[in-house]
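Participant: give the three-dimensional model of this entry:
(one chain, ligands or ions: 2)
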Amino acid sequence: MADSQVRVRFCPSPTGNPHVGMVRTALFNWAYARHTGGTFVFRIEDTDSARDSEESYEALLAALDWLGLTWDEGPLVGGPYGPYRQSERMAEGIYADVASRLLEGGFAYHCYCTPEELEERREIAKAERRAPGYDRHCRDLSGEQVAAYEAEGRSRVVRFRMPDHDWTWDDLVRGPITFAADQVPDFVLQRANGEPLYTLVNPVDDALMRITHVLRGEDLLSSTPRQLALYEALGEIGVTDGSIPRFGHLPYVMGEGNKKLSKRDPESSLQWYRDEGYLPEGLLNYLSLLGWSMGDDVEFFSKEQLAESFSLDRVSPNPARFDLKKCTAINGDWIRELSESELVERLVPFLAHDGLVTDPLTAEQRALLNAVVPLVRERMETLGQAVGMVGFLLVAEEEFTRDASDVEAQLTDDGCRVVAAALDALSNVETWDAAGIEDALRAALVDGLGLKPKFAFGPVRVAVTGSRVSPPLFESMEILGRDRSLGRLRSACDQGR
Ligand code: GLU
Ligand code: ZN
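Facilitator: Ligands and ions are numbered 1, 2, ... in the order given. The predicted structure is shown next:
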């Protein structure tokens with residue numbers, strides 16, 4: 001098979017919010033498709049009306065869009081094997097048709113057991129130390145038994161008849177894997193109300209969409225034998241030409257304390273990264289490292305570079321640890337990769353959200369940001385951090401406030417004497433620029449009052465910027481301007497103490 005025929009898919013269920021594990025799966029599939037010149041299929045597995053939501057569907061589209069993971073076939077763009085939402089495919093009767101063909105061919109059968117009966121027999125099996133899976137009770141019912149159940153008005157599900165042999169595949173990530181026949185009981189394909197289950201729709205669509213490689217999380221590994229078996233049957237009834245996709249199971253992503261990263265961990269939600277101001281470039285870069293490596297210790301690369309060098313033999317079967325610090329550091333590197341004007345653009349939504357600028361920027365706001373961005377880009381790791389760093393420049397003077405604990409620590413009686421001396425010294429500065437400001441302050445505070453720089457500039461910094469952490473002080477004061485700087489030195493010790 002030529003590589004250009006590679007067809008991979010990302011097929012999330014639209015429940016809840018997109019999370020990073022999901023994004024990692026999408027990314028690896030995308031990268032494999034791009035690397036091989038194959039096709040990246042995006043399919044929505046929304047057959048569970050109780051759990052799926054339109055909101056979550058929209059969030060998935062928005063997530064891939066934000067990340068720039070473009071799909072070749074799927075919602076919005078269509079494709080030759082559509083529709084790509086399983087709810088629409090269900091409405092077209094695709095799964096019901098396959099289910100009835102499986103029944104006709106003897107690959108599936110009706111099971112009339114009630115949940116209570118199943119539970120009861122499961123308990124007995126456990127007590128007798130037998131496998132607790134479905135006991136094949138309805139596999140070979142006689143015509144009379146069926147008639148009797150029907151007469152009772154029992155409902156029936158469709159169950160798959162598992163062949164009695166072991167299941168082996170050569171996993172693209174983990175190598176050969178075998179499940180013994182008795183580990184895989186007959187499973188339900190269709191509910192009593194006719195709704196098809198994941199066990200049916202997922203492999204059926206992989207077959208109908210001609211998927212060649214199934215790359216997905218390790219949590220789904222135990223469903224692979226069932227899918228292989230179903231695939232065999234799909235070949236027999238002519239849904240496929242008998243070919244079976246290769247499977248590769250991507251390693252678990254572990255969170256704090258070596259537990260699997262849970263959907264409930266705040267840092268597992270994609271939206272959290274957007275809100276904090278991670279760049280899609282940075283997040284994708286970090287997520288690429290969760291189970292894959294470029295080699296030669298290269299850890300900083302774009303998604304285009306990832307696509308260029310992605311290969312499955314560099315995907316590790318070992319669990320990957322999610323390291324938020326490292327993710328954040330890589331994001332900081334990506335921030336510094338942006339041009340200054342690009343960084344200003346990306347900051348706008350964050351600053352606008354806090355009412356610090358308008359969107360679009362006014363000329364004056366843009367000038368301020370252009371001036372301050374070079375001072376902060378070295379220290380920023382997320383766009384969100386910029387709000388705190390540059391807010392003091394953009395805020396309207398009557399709304400300027402100082403951090404209460406910084407005030408308490410720095411604007412003590414001693415601190416206020418320093419501020420008064422600074423005000424005095426700066427009132428006479430001729431050219432209001434960083435060098436002039438620095439000279440005046442050093443002369444007055446370090447030489448004049450004999451203070452160590454830390455004690456000299458800390459109070460001034462809190463007075464002028466409102467915080468102990470801020471961009472370089474003298475440059476900040478230059479950008480802030482003479483009037484506003486002096487005004488803040490003046491007000492520092494009568495208010496906020
Ligand atoms: N809809 C399934 C899920 O979100 C997809 C599983 C698969 O990739 O096969 O878990
Ligand atoms: Zn049964």
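Participant: could you pull up the mean pLDDT of stretch 142-149?
Facilitator: Averaging pLDDT along stretch 142-149 gives 97.
Participant: which parts of the stretch 201-350 of the chain sit against ligand 1?
Facilitator: Taking CB under 6 Å from any ligand atom as the contact definition, the stretch 201-350 of the chain meets ligand 1 at Asn202, Arg216, Leu220. C-beta coordinates here come from the backbone N, C-alpha and C atoms, glycine included.
Participant: do a quick rundown of the helices in the stretch 101-250 of the chain.
Facilitator: Counting by DSSP state H, counting those that start in this stretch, one finds helices in the stretch 101-250 of the chain at the ranges 115-127, 143-152, 198-208, 224-236.
Participant: among those, which comes closest to ligand 2?
Facilitator: Proximity to ligand 2, assessed across those by CB to the ion, is greatest for helix 115-127 (7.4 Å).
Participant: what separation do you get for Ser288 and Leu306?
Facilitator: 5 Å (CB to CB, to the nearest Å).
Participant: intersection of neighbour lists for the two?
Facilitator: Residues touching both Ser288 and Leu306 (CB atoms under 8 Å, 6 or more residues apart in numbering): Leu27, Ala31, Met294.
Participant: so what's the last one up against?
Facilitator: Meaning Met294. Ser288, Phe301, Gln305, Leu306, Ser309, Arg314.
Participant: next up, the contacts around the fourth one.
Facilitator: Spelled out, that is Leu306. Leu27, Ala31, Leu284, Asn285, Ser288, Met294.
Participant: go through those and say which is closest to ligand 2.
Facilitator: For the contacts of Leu306, the residue nearest ligand 2 by CB to the ion is Leu27; the value is 41.5 Å.
Participant: so how far is Gly217 from the closest one?
Facilitator: 12 Å.
Participant: again, but for Pro245
Facilitator: 16 Å.
Participant: these two - which one has more neighbours?
Facilitator: Shown here are Pro245 and Gly217; by other CB atoms under 10 Å, Pro245 has more neighbours (22 against 16).
Participant: who are the contact partners of that one?
Facilitator: Taking CB under 8 Å, 6+ apart, we find Pro245 in contact with Asp206, Ile211, Thr212, His213, Val214, Tyr231.
Participant: next, the contact list for the residue in the stretch 351-497 of the chain that ligand 2 sits nearest to, please.
Facilitator: Relative to ligand 2, the nearest point of the stretch 351-497 of the chain is Thr382 (54.7 Å; CB to the ion). If you count contacts by CB under 8 Å, 6+ apart, Thr382 has them with Glu276, Gly277, Tyr278, Thr328, Asn331, Gly332, Ile335.
Participant: if I look at the closest residue to it other than its chain neighbours, how far off is Gly133?
Facilitator: Leaving aside its chain neighbours, Thr382 sits nearest to Gly277 (4.2 Å; criterion: CB to CB, 6 or more residues apart in numbering). The gap separating Gly277 from Gly133 is 48 Å, by CB to CB.
Participant: then Val395?
Facilitator: 64 Å.
Participant: repeat that for Pro176.
Facilitator: In this view, Pro176 and Gly133 are 24 Å apart by CB to CB.
Participant: repeat that for Ala192.
Facilitator: 19 Å.
Participant: ok so, going back, redo the shared contacts of Ser288 and Leu306 as a markdown table? Include pLDDT, distance to ligand 2 and secondary structure.
Facilitator: Supplementary listing: the shared contacts of Ser288 and Leu306 in a markdown table, determined by pLDDT from 0 to 100; distance: CB to the ion, whole Å; DSSP: H, G, I helix; E, B strand; the rest coil:
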| residue | pLDDT | distance to ligand 2 | secondary structure |
| --- | --- | --- | --- |
| Leu27 | 98 | 42 | helix |
| Ala31 | 98 | 44 | helix |
| Met294 | 95 | 51 | coil |
